[in-house]
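A.B. asks: got a predicted structure here, sequence first:
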Amino acid sequence: MNKRQKKKRLEREKKEMLKGIDFIEKSLTLATEMMRKEFHDMPPGIEKMGHDFFIGGIEYTVKMMSEAKSQIRGIK
């Protein structure tokens with residue numbers, strides 16, 4: 001494989017990775033929005049706190065995926 005072919009393959013793989021991350025990111029964002037709506041209707045208690053931590057973990061995952069996207073875009 002020559003240099004030009006390697007570069008094209010890398011660009012194609014980057015696009016595929018970014019598409020996959022976007023899909024997962026959108027899905028998780030939609031899910032957390034729905035969970036937050038349900039969370040606000042819950043009565044206060046230990047269960048509500050547990051749900052908050054769970055939702056926070058998913059939101060942190062989405063944040064890390066956006067960081068991964070920026071690092072993938074930086075690969076040359």
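C.D. replies: Received it, and whenever you're ready, just let me know what you need. Residues are numbered from 1 along each chain as shown.

A.B. asks: longest helix in this structure, by residue count?
C.D. replies: Taking DSSP state H as the criterion, the chain has its longest helix at helix 3-41.

A.B. asks: list the buried ones in that helix?
C.D. replies: 21, 25, 32, 35 (16 or more other CB atoms under 10 Å). In this view, the C-beta of every residue, glycine as well, is placed from N, C-alpha and C.

A.B. asks: roughly how far apart are the first one and residue 40?
C.D. replies: Pointing back at residue 21 there. 29 Å (CB to CB, to the nearest Å).

A.B. asks: cool, the third one as well?
C.D. replies: Taking CB to CB as the criterion, residue 32 is separated from residue 40 by 13 Å.

A.B. asks: ok, now the second one?
C.D. replies: Counting by CB to CB, the separation of residue 25 from residue 40 is 23 Å.

A.B. asks: residue ranges in this protein under the pLDDT threshold?
C.D. replies: 76 (pLDDT under 70).

A.B. asks: and if we set it to 90?
C.D. replies: The chain contains residues with pLDDT under 90 at 1-3, 7, 10, 39-48, 72-76.

A.B. asks: number of residues surrounding the closest residue to residue 10 other than its chain neighbours?
C.D. replies: Spatial nearest neighbour of residue 10, chain neighbours left out: residue 75 (7.4 Å); criterion: CB to CB, 6 or more residues apart in numbering. The local packing of residue 75 (other CB atoms under 10 Å) involves 10 other residues.

A.B. asks: kindly report the same for residue 55.
C.D. replies: Here the number of neighbours of residue 55 (other CB under 10 Å) works out to 17.

A.B. asks: residue 52 too?
C.D. replies: By the criterion of other CB under 10 Å, residue 52 has 14 neighbours.

A.B. asks: how about the one 5 residues further on?
C.D. replies: Residue 57 sits with 10 neighbouring residues when counted by other CB under 10 Å.

A.B. asks: sorry, back to before: for the longest helix of the chain, packing partners?
C.D. replies: Applying 3 or more CB pairs under 8 Å, 6 or more residues apart in numbering; DSSP states H and E, we find helix 3-41 packed against helix 46-74.
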